[in-house]
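Asks: Please find the sequence and the predicted model below.
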Amino acid sequence: MKAPADGRHPAQRCAAGLRRFDTAGDDPYYFNYHGVLQVSFWRPRRCILMLEPITQAGLWAHTMALSMAPAFMLASTVQTLEWVAIIVVAAFLIVVGVIFLTFFKTWLKGYSAHANVTLWNLVSMRLQGVDVQQLVNAKISLVQAGLDVTTTQLQSHYMAGGRVPNVARALIAAHRASIDMPWSQAAAIDLAGRDVLEAVQTSVNPRVIDVPNSNSGRQTHDGVAKDGTQLRVKARVTVRTNIHQLIGGAGEETVVARVGEGIVAAIGSADTYKVVLENPDMISKTVLSKGLDASTAFQILSVDIADIDVGENVGANQRAKTAEANKLSFQAEAEQRRALAIAQEQENRALAQLNRARVIEAEAQVPLAIAEAFRTGRLGVMDYYRMRNMQADTSMRESLGADAANGDK
């Protein structure tokens, strides 16, 4: 057996190597049959000495005495570390396999469409609660349409509560129609609560709005010409979406209200209702000339009169109502004057009764005055009789005058 250079027996060299590994942390090694040093990483650490049959029994006891305890301790520790490493590697491989199996189909679909969606993007989206399939489909659609929208933009819009597929379809439709709409504008419109896809569709294909709206409960807008005749008008307004004013612009209700106001104003400016009936387009021209679509989300293309009817003669009805009101007012004034006259008559009668009472009271004082005159000597007997004769003559004349008046009747 070949001895090492330091003159020690291979068994002693092996035991010393095991002790050196146990204390200094060197790599384990052992000698093969020919005494050559071997290094082992994945097998339990041990010293194997293939000796001559003559010396094997003697060296075995010496080897066991030198290295049995350190070898057992080292083998146990290394085995534990090896199993831990194996478990960690196996768990990592299982996780990688699950992720691969879960997202491989989606990743392959995005990769084949050149959507630039990595596995890490898919895992990150899943951890953040994002619908991976929805975003990947939207990204593929945008890439196929030639639009440059990043995965981060789609993900942030989804997490903000936006409708990613709706915005993606709107961008594609706007791109096909040569409408300049960047991603930021479309996302802002969607987050504002408006249907951006419907807005793009309306911008490409204008729609018709009934004025008045059927949901308002009215069938027509009523206007009165200067001659007092009422006209009932139903119109149809063709509009398309103004993309640049969609954020902050007024909605459909404002357009309907403004067009209705313009119709009433156009009818009211006509001298007679016949002028409006002869030229219904004057209503359309008047409405369009006022720029009623300012600060709204729509652009008015045309205002068409669908129906126009003659209503009541509001002027005549108003004049009749005015005359009736005047009659009632005059009657009230006459009744007031009659009441005043009756009150005045009653007052005069009361005054006459008062005057008569005063006369009677004065007449009652005459006998008292005569008696006082007799007592004081200012009135004689002959004077009294002459007064009585005058009273008798006066009474006779009054009777004769009354009889003559009754005979003439």
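Replies: Arrived safely, thanks for sending.
Asks: partners of residue 303 in the sheet?
Replies: residue 237 (DSSP bridges).
Asks: hmm, who's touching stretch 271-282?
Replies: Stretch 271-282 has contacts (C-beta atoms under 8 Å, 6 or more residues apart in numbering) with 225-227, 229-231, 266-267, 270, 283, 305, 308, 310. For every residue, glycine as well, the C-beta is placed using N, CA and C.
Asks: And the helices in the stretch 51-200 of the chain?
Replies: For the stretch 51-200 of the chain, the helices defined by DSSP state H, counting those that start in this stretch occupy 53-112, 119-127, 132-144, 151-159, 164-176, 183-191, 196-204.
Asks: Show me where the stretch 1-150 of the chain dips below the pLDDT cut-off.
Replies: Confidence mapping of the stretch 1-150 of the chain against pLDDT under 70 gives the ranges 1-76, 78, 99-103.
Asks: For the helix or strand hosting residue 397, the averaged confidence score.
Replies: Per DSSP states H and E: residue 397 is located in helix 381-408. What helix 381-408 shows for mean pLDDT is 79.
Asks: wait, which of the contacts of stretch 271-282 is closest to residue 169?
Replies: Of all the contacts of stretch 271-282, residue 169 sits closest to residue 305, with 36.2 Å by C-beta to C-beta.
Asks: Please name the residues that touch that closest one.
Replies: 233, 234, 235, 280, 281, 283, 284.
Asks: Excluding residues flanking it in the chain, which one is nearest it?
Replies: residue 280 (4.4 Å; C-beta to C-beta, 6 or more residues apart in numbering).
Asks: Let me see the backbone angles for the one you found.
Replies: phi -60, psi -20 (degrees, to the nearest 10).
Asks: Could you measure from it over to residue 186?
Replies: 40 Å (C-beta to C-beta, to the nearest Å).
Asks: same deal with residue 86?
Replies: Noted for residue 86: a distance of 52 Å to residue 186, by C-beta to C-beta.
Asks: what's the pLDDT at residue 346?
Replies: What the model reports for residue 346 is a pLDDT of 90.
Asks: count of neighbours near it?
Replies: Close neighbours of residue 346, defined as other C-beta atoms under 10 Å, add up to 10.
Asks: just residue 166 next, same as before
Replies: Neighbours of residue 166 under the rule other C-beta under 10 Å: 16.
Asks: what does the model give it for pLDDT?
Replies: Note on residue 166: pLDDT of 91.
Asks: I figured it was touching residue 196, is that so?
Replies: Yes. Counting by C-beta atoms under 8 Å, residue 166 does reach residue 196; the two are 6.5 Å apart.
Asks: list the residues that contact both of the two?
Replies: Residues touching both residue 166 and residue 196 (C-beta under 8 Å, 6+ apart): residue 190.
Asks: Redo the helices of the stretch 51-200 of the chain as JSON lines? Include distance to residue 257.
Replies: Output for the helices of the stretch 51-200 of the chain, formatted as JSON lines (distance: least, C-beta to C-beta, whole Å):
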{"stretch": "helix 53-112", "distance to residue 257": "48"}
{"stretch": "helix 119-127", "distance to residue 257": "45"}
{"stretch": "helix 132-144", "distance to residue 257": "38"}
{"stretch": "helix 151-159", "distance to residue 257": "34"}
{"stretch": "helix 164-176", "distance to residue 257": "28"}
{"stretch": "helix 183-191", "distance to residue 257": "23"}
{"stretch": "helix 196-204", "distance to residue 257": "19"}
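Asks: Restricting to C-alpha, output stretch 140-155 in PDB.
Replies: Written as PDB, here are the backbone C-alpha positions of stretch 140-155 (Å, rounded to 0.1, in the frame of the first residue of the first chain):
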ATOM      1  CA  ILE A 140     -53.200  41.300 -28.000                       C
ATOM      2  CA  SER A 141     -56.100  43.200 -29.700                       C
ATOM      3  CA  LEU A 142     -54.200  46.500 -29.300                       C
ATOM      4  CA  VAL A 143     -51.000  45.100 -30.600                       C
ATOM      5  CA  GLN A 144     -52.700  43.500 -33.600                       C
ATOM      6  CA  ALA A 145     -54.300  46.800 -34.300                       C
ATOM      7  CA  GLY A 146     -51.000  48.600 -34.300                       C
ATOM      8  CA  LEU A 147     -51.400  50.600 -31.100                       C
ATOM      9  CA  ASP A 148     -48.600  51.000 -28.600                       C
ATOM     10  CA  VAL A 149     -50.100  50.500 -25.100                       C
ATOM     11  CA  THR A 150     -48.000  49.000 -22.400                       C
ATOM     12  CA  THR A 151     -49.100  46.300 -20.000                       C
ATOM     13  CA  THR A 152     -48.600  48.700 -17.100                       C
ATOM     14  CA  GLN A 153     -51.100  51.100 -18.500                       C
ATOM     15  CA  LEU A 154     -53.700  48.400 -18.900                       C
ATOM     16  CA  GLN A 155     -53.000  47.100 -15.400                       C
END
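Asks: Could you shift the numbering so residue one becomes 297, and keep it that way?
Replies: Sure thing, new numbering starts at 297, so read that last one as stretch 436-451.
Asks: what comes into contact with it?
Replies: Contacts of stretch 436-451 (C-beta under 8 Å, 6+ apart): 405-406, 409-413, 417, 421, 424, 426, 431, 434-435, 460, 464-465, 467-468, 471-472, 479, 483.
Asks: Relative to residue 547, how far out is the residue nearest in space to the middle of the chain?
Replies: Taking C-alpha atoms, centre = their mean as the criterion, residue 489 is the residue nearest the geometric centre of the chain, at 7.1 Å. Distance of residue 489 to residue 547, computed by C-beta to C-beta: 11 Å.
Asks: Show the pLDDT at the nearest residue to residue 572 once chain neighbours are set aside.
Replies: Spatial nearest neighbour of residue 572, excluding adjacent residues (C-beta to C-beta, 6+ apart): residue 566 at 4.8 Å. Looking at residue 566, its pLDDT stands at 87.
Asks: wait, is residue 566 part of a strand?
Replies: No. Under DSSP: H, G, I helix; E, B strand; the rest coil, residue 566 falls outside any strand and is assigned coil.
Asks: what phi and what psi does the backbone show at it?
Replies: Main-chain dihedrals, residue 566, degrees, to the nearest 10: phi -80, psi 140.
Asks: Cool, thanks, talk later.
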